[in-house]
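Q: Fold the stuff below for me.
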Amino acid sequence: MSFNIRHGEGIDERSNLIGILRIIQEQKPDLIALQAVDSLVTEGKVQFQLRQLATQTGMHYTYGVADRSGNGSQGVGILSAWPFEKTQVLPLPSTPGSDQKVLLCGLIRHSRNLTFRFCNARLEYASVMDRALQAAYINRLLEGSVQPVVLGMDMGARPNEQPYFSFRKKWHDSARGSQLETWNQGLPGDRMDYIFVLLNNKVRVKSYKVIRSYPEVSDHYPIVANIEFW
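A: Residues are numbered from 1 along each chain as shown. Got it, this is the predicted structure:
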C-alpha cells in the first residue's frame, strides 16, 4: 500500500488516524508506504502518528524525517509485517527555498530466498523542477540494486509529466494503463501516487486497486498492489 495521510488530518481537519487504521485493517497489506506523516508535541505529549499506527496494527515501523520544526517533525514512514534488517534515510536534491524531501528505504528479509528493499518518498509538490530532479535522483540511486526494489511514492506528477519519465525504462508501474485518480481534490484521472517495482528480477504485478471508500480520510486515495517475485 502507498498512502499520503495528510499529516494525520482528514478533510474535516480532524484526526484521521482511526480512518487510516480502518483502511489498513480492511486491506491487510504486508507493507505500507505512508507520506505526510507527523511526529508532534502537543500540550507536552508526543503524537507520533506512525508509532500509533504500528502499535495498533502490530507492524514494524521506520520513519524518515524530512523537516523539523519547533514542535516536532514531518516526513515519510514505512510499516512492515517483517522486521527491517537495515534502514536508510537519504536526502533528495532541492533548489534553494524548497522544502527538504527524503527517500526512506528498508531492507527486508522475507524468507531464505528473498531479501528486498521497500522504499518510500514524497516529492516536492510546489516545484516542477524539484520533482524532476528528485525523481531522476531516486531512479539513479536504486536502479543498480542487486535486491528487488518496491517503491511507493507520492510523486505529485501525472504519468505524462517529466518526473514520471525517470521510471519508464527500468521500472514496472503497478497501475500501468489505469485511469483512476489517486488525488481526490483534482481532476478526474489525476494519478499522483505510485507503486513501482524495479525490473531487475522476475516479478509480476498480480493486481492493483485504488481504495475510494473513504474519501473523507485524506485528499489522496490509498493504492494497493499485489506483487509476486519468483
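Q: mind listing what's buried in the worst-scoring helix or strand of the chain on mean pLDDT?
A: Lowest by mean pLDDT, DSSP states H and E among the helices and strands of the chain is strand 45-48, with a mean of 79. With burial defined by 16 or more other CB atoms under 10 Å, the residues of strand 45-48 counted as buried are Q47, F48. C-beta: built from backbone N, CA, C; applies to glycine.
Q: Mind listing the strands that strand pairs with, and their directions?
A: Using DSSP bridges, strand 45-48 pairs in its sheet with strand 31-42 (antiparallel).
Q: now the partner strand: mean pLDDT?
A: Model confidence over strand 31-42 averages 92 on the pLDDT scale.
Q: CA atoms only for that strand - export them in CSV, please.
A: C-alpha atoms of strand 31-42 as CSV (Å, rounded to 0.1, in the frame of the first residue of the first chain):
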residue,chain,number,x,y,z
LEU,A,31,3.9,-3.3,3.5
ILE,A,32,2.7,0.3,3.7
ALA,A,33,4.5,3.5,2.4
LEU,A,34,3.0,6.4,4.2
GLN,A,35,3.6,10.0,3.2
ALA,A,36,3.0,13.3,5.0
VAL,A,37,3.5,11.7,8.4
ASP,A,38,3.9,13.9,11.5
SER,A,39,5.5,13.5,14.9
LEU,A,40,4.4,16.5,17.0
VAL,A,41,4.5,17.6,20.6
THR,A,42,1.1,18.9,21.7
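Q: gap between the helix ranked longest in the chain and the chain center?
A: Looking across the chain with DSSP state H, the single longest helix is helix 128-142. Remark: helix 128-142 is offset 15 Å from the chain centroid, using CA atoms, centre = their mean, to the nearest Å.
Q: swap in stretch 100-110?
A: In terms of CA atoms, centre = their mean, the centre of stretch 100-110 is found 10 Å from the chain centre.
Q: now do stretch 196-208
A: Relative to the centre of its chain, stretch 196-208 is centred 16 Å away, using CA atoms, centre = their mean.
Q: count of neighbours near the residue nearest to V210 when sequence neighbours are not counted?
A: Spatial nearest neighbour of V210, chain neighbours left out: L180 (4.5 Å); criterion: CB to CB, 6 or more residues apart in numbering. Per other CB atoms under 10 Å, the neighbour tally for L180 reads 15.
Q: wait, isn't L180 in contact with D193?
A: No. Between L180 and D193 there is no contact under CB atoms under 8 Å: 10.5 Å.
Q: Now tell me what touches the least confident helix or strand of the chain from outside.
A: Strand 45-48 is contacted by residues G8, D38, S39, L40, V41, Y63, G72 when judged by CB atoms under 8 Å, 6 or more residues apart in numbering.
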